[in-house]
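*Asks:* Here is my input; please provide its structure:
(one chain, ligands or ions: 2)
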Amino acid sequence: MGAVSVDDFYQGTKAAIAGGTTMIIDFALPSKGESLLDAYHKWRTRATNKVCCDYALHIGVTSWSDEVKREMEELCKLHGVNSFKMFMAYKGVFMVTDSELYNSFEACKELGAIPMVHAENGDIVFENSKRLLKSGINGPDGHALSRPEEVEAEAVNRACTLSNQVGSPLYVVHVMSKAAAEVLAKHRAKQIKQNGNTKIYGETLAAAVGTHWDENKLTCWHDAAAHVLSPPLRADPDTPNFLLNMLASDKLQTTGSDNATFNKDQKSLGKGDFTKIPNGVNGVEDRMSVIWEKGVVSELFDPCRFVAITSANAAKIFNIFPRKGCIDVGSDADIVVWNPKGKRIISAKTHHQAVDYNIFEGMECHGIPEYVLVGGRVCVDEGQLKVVQGHGKYVPTPTHSEFVYNNEKVSEIEVIDESKEIKALKLQISPPSSVTSDVSTCTKSPMIHTGKGMRMEGQRDLQSSTFSISSEFNDPVKKSSIRVRNPPGGQSLGFW
Ligand SMILES: NC(=O)NCCC(=O)O
Ligand SMILES: [Zn+2]
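*Replies:* Numbers count the residues shown, from 1 in each chain. Ligands and ions are numbered 1, 2, ... in the order given. This is a model prediction of the structure:
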């Protein structure tokens, strides 16, 4: 949209670490017709010597041809890419047609990659925008008016239908509305009923659960423009709680930042025409505190679910678990020591991002990262930020994620008696009321190669419907059985 995000790889990852995020996955977006490989190399060059923490890349597919398909293959096979983002909106810029979506989903399936979608009906947005501008509505409020909830929900429905027809997985990025989340949950439930599992995943944002479009507060043009992203923040004040409950009940699996920050002068490109306001808000620094505050402090979910939706689930879906998203021997030493008693008030005056605005301004958060280790290096030390530019590495994401391509919905854990260990296990797996959660185990064993990515020896194989906690559990004499709901994500072992 004619502007370059002010957070580069240095400031963006510095801010991420300050907030307790130890790895990011950025989007490398080629313009229509531009080579995917060129975009990949451009992003790698931008990142090298700047990133303070590890990073991976999702690549955008903004048009379709045999060459795009060939490049997707090369990216997967030679460059450690396992996810591609397709846009159903931004007509004429990034938007692809249904046929192109179908073909790209099919290519992802063949490659063992994960198709991601920006779900909004771009044709409707385009026509609505024209109509609104013609009628004299040209301010930032026109942005949300041009893309109401059903425009997002329709696209989620279409993307789910397409992926279902193709038989591919699907990851819906930045789910922003109740209607869209409900549609996604409906498709997940349908697949679970039919197949016993689902390959549809949904992400929402810190922005979506941390704030909403409050027209009484957003009366100044600049404040309102600073809150413009797509899909938009919803005016319905129940939206954040609704989405948090979806996260709690595993109807949504991950929380992203979708950090895309533009300063006041850049947002001003849209004065007189809301379609020209660069889309995007901050999130990479405050994501963890906001989710903790709104989810855990509000008692909608427990700290284990917090770990799952902020870290472990993404690591599993994008096939870097247990290297990431897990604390264990053999995993990367990316560790956040979270102090639930620490307090901070979010402000653009004190944040580490390059942007001059913070959409969470004034929010009091009870929970701060006290220590953050990135690859073994202490980068937040008793709250003091000590990052090293260029310290981060590119993390290849292997295709054929076991979690996505071979998941099991229900695991049977066979146990022998009520020993301490088993009681502890039961504690860990008993979810908060009305919440079903996964058991993410991390045992202290060396990494083994499975041929498709790594897991710990003795650790639950995410493909397997049964696993052994320890050898004594295999004693047939003492064996009793408990069944554990095991949707993607959920509880981490023991740390809490
Ligand atoms: N969410 C948002 O507006 N980010 C900018 C690019 C995109 O739409 O994905
Ligand atoms: Zn998007």
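*Asks:* What residues sit buried inside stretch 183-195?
*Replies:* 183, 184, 185, 187, 188, 191 (16 or more other Cβ atoms under 10 Å). (Each C-beta comes from the backbone N, C-alpha and C, glycine too.)
*Asks:* Skipping its backbone neighbours, what lies nearest the second one in space?
*Replies:* It refers to residue 184. residue 202 (4.5 Å; Cβ to Cβ, 6 or more residues apart in numbering).
*Asks:* which SSE is that neighbour in?
*Replies:* Here residue 202 sits within strand 200-205, counting by DSSP states H and E.
*Asks:* Show me what that strand packs onto, helices and strands only.
*Replies:* strand 170-172, helix 178-195, helix 239-248, strand 254-256 (3 or more Cβ pairs under 8 Å, 6 or more residues apart in numbering; DSSP states H and E).
*Asks:* circling back to that earlier point, for the residue nearest to residue 184, which residues are in contact?
*Replies:* 171, 172, 175, 181, 184, 185, 188, 246, 251, 252, 253, 254 (Cβ atoms under 8 Å, 6 or more residues apart in numbering).
*Asks:* what's the burial count for residue 281?
*Replies:* Other residues lying near residue 281 total 25 when counted by other Cβ atoms under 10 Å.
*Asks:* swap that for residue 67, please
*Replies:* Counted with other Cβ under 10 Å, residue 67 comes out at 13.
*Asks:* cool, and residue 80?
*Replies:* 18.
*Asks:* my guess is it contacts residue 320, does it?
*Replies:* No. Contact criterion Cβ atoms under 8 Å: residue 80 and residue 320 do not qualify, at 9.8 Å.
*Asks:* Can you check which residues contact both of the two?
*Replies:* Shared contacts of residue 80 and residue 320, counting by Cβ under 8 Å, 6+ apart, come down to 56, 395, 397, 398.
*Asks:* For those, which entry has the maximal number of neighbours?
*Replies:* Ranked by neighbour count (other Cβ under 10 Å), these have residue 397 at the top, with 25 neighbours.
*Asks:* if we can go back for a sec, compute the inter-axis angle for the strand holding residue 202 and helix 178-195.
*Replies:* 160 degrees (axes from the mean of the first three to the mean of the last three Cα atoms, to 10 degrees).
*Asks:* pretty sure residue 11 contacts residue 387?
*Replies:* No. Using Cβ under 8 Å, residue 11 is not in contact with residue 387, being 10.2 Å away.
*Asks:* In CSV, list the buried residues of stretch 183-195 along with pLDDT and distance to ligand 1.
*Replies:* Listed next are the buried residues of stretch 183-195 as CSV, based on pLDDT from 0 to 100; distance: Cβ to the nearest ligand atom, whole Å:
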residue, pLDDT, distance to ligand 1
183, 98, 18
184, 98, 17
185, 98, 21
187, 98, 21
188, 98, 22
191, 97, 25
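*Asks:* Give me the contact list for the host helix or strand of residue 368.
*Replies:* Using DSSP H and E, residue 368 maps to strand 364-374. Strand 364-374 has contacts (Cβ under 8 Å, 6+ apart) with 17-20, 22, 52-54, 286, 288-290, 292-293, 296-297, 333-346, 378-383, 387, 391-392.
*Asks:* Show me which residues of the stretch 51-200 of the chain sit near ligand 1.
*Replies:* Contacts of the stretch 51-200 of the chain with ligand 1, taken as Cβ under 6 Å from any ligand atom, map to 118, 174.
*Asks:* Near residue 265, how many other residues are there?
*Replies:* 9.
*Asks:* correction: residue 387
*Replies:* Counted with other Cβ under 10 Å, residue 387 comes out at 23.
*Asks:* Find the residue closest to it in space, skipping its chain neighbours.
*Replies:* residue 52 (4.1 Å).
*Asks:* hang on, isn't that neighbour packed against residue 392?
*Replies:* Yes. Applying Cβ under 8 Å as the test, residue 52 and residue 392 come out as touching, 5.6 Å apart.
*Asks:* residue ranges of the strands in the stretch 301-450 of the chain, please?
*Replies:* Per DSSP state E, counting those that start in this stretch, the stretch 301-450 of the chain carries strands over the ranges 335-345, 364-374, 377-381, 384-385, 410-415, 439-440, 447-449.
*Asks:* any idea how far the closest residue to residue 337 other than its chain neighbours is from residue 31?
*Replies:* The shortest distance from residue 337 to any non-neighbouring residue, by Cβ to Cβ, 6+ apart, is to residue 371 (4.0 Å). Note on residue 371: its distance to residue 31, by Cβ to Cβ, to the nearest Å, is 41 Å.
*Asks:* next one: residue 285
*Replies:* 28 Å.
*Asks:* which of these two has more neighbours?
*Replies:* Each of residue 285 and residue 31 has its neighbours counted (other Cβ under 10 Å); residue 285 has more, 29 against 13.
*Asks:* So that one lies in a strand, does it not?
*Replies:* No. Per DSSP: H, G, I helix; E, B strand; the rest coil, residue 285 lies outside any strand segment and is coil.
*Asks:* That one against residue 19, yeah?
*Replies:* Yes. Shown here, residue 285 and residue 19 form a contact pair, counting by Cβ under 8 Å, at 4.0 Å.
*Asks:* Would you map the helices across the stretch 301-450 of the chain?
*Replies:* For the stretch 301-450 of the chain, applying DSSP state H, counting those that start in this stretch gives helices covering 303-307, 313-317, 402-405, 420-429.
*Asks:* Please name the residues that touch residue 40.
*Replies:* Shown in contact with residue 40 (Cβ under 8 Å, 6+ apart): 28, 57, 59, 75, 79, 81.
*Asks:* pLDDT wise, what is it at?
*Replies:* Note on residue 40: pLDDT of 98.
*Asks:* Repeat that for residue 407.
*Replies:* 73.
*Asks:* nearest spatial neighbour of it, skipping sequence neighbours?
*Replies:* residue 197 (4.9 Å).
*Asks:* Alpha carbons only: can I get the strand holding residue 202 in PDB?
*Replies:* Output of strand 200-205 as PDB, limited to C-alpha atoms (Å, rounded to 0.1, in the frame of the first residue of the first chain):
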ATOM      1  CA  ILE A 200      -8.200 -26.800   9.800                       C
ATOM      2  CA  TYR A 201      -6.500 -24.400  12.200                       C
ATOM      3  CA  GLY A 202      -7.400 -20.900  13.300                       C
ATOM      4  CA  GLU A 203      -5.200 -18.000  14.600                       C
ATOM      5  CA  THR A 204      -6.400 -14.900  16.200                       C
ATOM      6  CA  LEU A 205      -4.400 -11.800  17.100                       C
END
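*Asks:* quick one: average pLDDT of the helix or strand following that strand?
*Replies:* Proceeding N to C from strand 200-205, the next assigned helix or strand is helix 206-210, under DSSP H and E. Model confidence over helix 206-210, given as mean pLDDT, is 98.
*Asks:* repeat for stretch 217-227
*Replies:* 97.
*Asks:* And stretch 303-313, by the same measure?
*Replies:* The model assigns stretch 303-313 a mean pLDDT of 98.
*Asks:* How about stretch 383-398?
*Replies:* For stretch 383-398, mean pLDDT is 97.
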